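> Structure, please.
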Amino acid sequence: MIEVEDPDEGENGKTELQIVPGNTSFAVDSIQRMLHTTTNLDREVTDCHELYLAVSDNGRPVALTSSARVTIFIEDINDNNPKVILPSSNYSCLVVSPGTPVGTNVTKVYAIDEDSGVNSEITYSVVAPKSVQQNSPFQVDSKSGNISLRQELLQEDMGMHNLFIVVRDNGKPTPLYTTVWINLLVNKSTDQCHLDRAPTWTGRSDWVESASMSPICEVETARSVQAIYFYLVLCMAVVTVVLFFTTACLFLKHRKCPPKKKTGHTEENEIPLRIKDKYYSDE
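Residues are numbered from 1 along each chain as shown. From the prediction side, this is the model:
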């Protein structure tokens with residue numbers, strides 16, 4: 001609402017308010033003095049509008065006028081998803097040498113957000129099943145988007161690593177996000193790698209909506225499979241050793257035990273002797 005005062009009385013104190021022609025996005029009600037929009041406003045198109053208001057009275061013989069400049073700043077709303085600039089597509093692929101030192105930045109995710117303020121603040125995270133959360137040798141920095149090597153590359157790490165990156169803004173009340181694949185091929189060859197098709201996310205949607213910042217991959221790496229085989233073989237070896245020692249102990253115990261004496265035959269020989277003694281004593 002725009003307030004206008006004129007200290008004159010009668011017709012000389014009556015005023016009329018209008019917008020100087022030149023801005024069609026706003027209009028003013030000359031009676032209620034309310035300023036309102038005539039079209040949708042988009043901060044990404046124009047973030048600031050300048051209006052010139054003119055007010056005149058009904059004075060006679062000459063009407064008096066005044067003017068004022070009004071600056072209107074358009075407040076930002078979170079209506080833009082982050083836009084990934086790097087990598088250029090989900091088909092992008094990068095070769096990583098097995099001899100890469102730990103801590104090296106191997107690539108980067110870069111995104112922009114056309115909103116302003118906190119709505120344009122971006123974080124990067126990786127999502128994947130919990131079963132492989134600790135197996136990836138790669139990690140992403142949540143602020144810079146740098147992807148680095150967090151542990152030494154082993155023989156089991158050879159091959160393709162597909163990292164599913166979620167790029168999220170800090171908008172209120174609901175953050176907006178977009179996703180991108182980072183494809184890293186651990187290989188001794190320096191030839192460029194190529195993907196015939198982009199990876200497909202097969203996990204749950206709530207993993208994406210509440211992505212953690214764990215250094216994890218989308219697919220299970222060979223290292224986890226290797227660990228499963230190792231523990232399986234170890235358990236079988238332990239069971240075999242226990243059975244061997246148990247069998248050996250039972251065998252040795254059986255050999256050390258002496259044979260039992262037969263007492264039944266002695267008792268049979270003694271019975272007639274006792275009967276015979278009793279017979280002679282009675283006589």
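> Now for residue 8: which residues touch it?
By C-beta atoms under 8 Å, 6 or more residues apart in numbering, residue 8 lies in contact with 57, 59. From N, CA and C alone the C-beta is placed, and that goes for glycine too.
> ok, now how distant is it from residue 60?
Applying C-beta to C-beta, to the nearest Å, the value for residue 8 to residue 60 is 11 Å.
> go on, residue 31?
For residue 31 relative to residue 60 (C-beta to C-beta), the value is 22 Å.
> With residue 114 instead?
54 Å.
> Which of these two has more residues huddled nearby?
The neighbour count for residue 114 versus residue 60, taken as other C-beta atoms under 10 Å, is higher for residue 114 (14 against 9).
> Excluding covalently adjacent residues, which one is nearest to the more buried one?
Spatial nearest neighbour of residue 114, chain neighbours left out: residue 80 (4.4 Å); criterion: C-beta to C-beta, 6 or more residues apart in numbering.
> The one you found contacts residue 43, doesn't it?
No - judged on C-beta atoms under 8 Å, residue 80 makes no contact with residue 43 at a distance of 9.9 Å.
> Quickly list the domain ranges of this protein.
10-73, 83-220, 225-259 (automatic domain parsing).
> Switch those domains over to a markdown table, and while doing so, append mean pLDDT and distance to residue 3 to every line.
As requested, the domains of the chain are arranged in a markdown table below (pLDDT from 0 to 100; distance: least, C-beta to C-beta, whole Å):
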| stretch | mean pLDDT | distance to residue 3 |
| --- | --- | --- |
| domain 10-73 | 86 | 7 |
| domain 83-220 | 85 | 31 |
| domain 225-259 | 71 | 75 |
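> out of these, deepest packed?
Comparing the domains of the chain by mean neighbour count (mean count of other C-beta atoms under 10 Å), domain 83-220 ranks first with a mean of 16.
> Spell out the secondary structure type for residue 101.
The three-state label given to residue 101 by DSSP: H, G, I helix; E, B strand; the rest coil is coil.
> wait, what's in contact with it?
Residue 101 sits in contact with residue 149, where contact means C-beta under 8 Å, 6+ apart.
> Helix or strand: which one has the closest residue in space to residue 69 that isn't next to it in sequence?
The shortest distance from residue 69 to any non-neighbouring residue, by C-beta to C-beta, 6+ apart, is to residue 52 (5.7 Å). Residue 52 belongs to strand 48-57 when assigned by DSSP states H and E.
> That strand - contacts with which helices or strands?
Helices and strands touching strand 48-57, by 3 or more C-beta pairs under 8 Å, 6 or more residues apart in numbering; DSSP states H and E, are strand 15-19, strand 26-28, strand 65-73.
> so what secondary structure elements neighbour the shortest one?
In terms of contacts (3+ C-beta pairs under 8 Å, 6+ apart), strand 26-28 is packed against strand 15-19, strand 35-37, strand 48-57.
> That one pairs with which strands, and in what direction?
strand 35-37 (antiparallel) (DSSP bridges).
> Likewise for the longest one?
According to DSSP bridges, strand 65-73 forms sheet pairs with strand 48-57 (antiparallel).
> which non-adjacent residue is nearest residue 44?
residue 114 (5.3 Å).
> quick one: contacts for that neighbour?
44, 80, 83, 120.
> re the thing from before, how close does the residue nearest to residue 114 sit to residue 93?
29 Å.
> Also residue 3?
Residue 3 sits at a distance of 65 Å from residue 93 (criterion: C-beta to C-beta).
> just residue 194 next, same as before
6 Å.
> check contacts around the residue nearest to residue 152 when sequence neighbours are not counted.
Spatial nearest neighbour of residue 152, excluding adjacent residues (C-beta to C-beta, 6+ apart): residue 102 at 5.7 Å. By C-beta under 8 Å, 6+ apart, residue 102 lies in contact with 149, 150, 151, 152.
> Just grab the bridge partners of the nearest residue to residue 18 once chain neighbours are set aside for me.
Once flanking residues are discounted, residue 18 sits nearest to residue 54: 5.7 Å by C-beta to C-beta, 6+ apart. Beta-bridge partners recorded for residue 54 (DSSP bridges): residue 18, residue 67.
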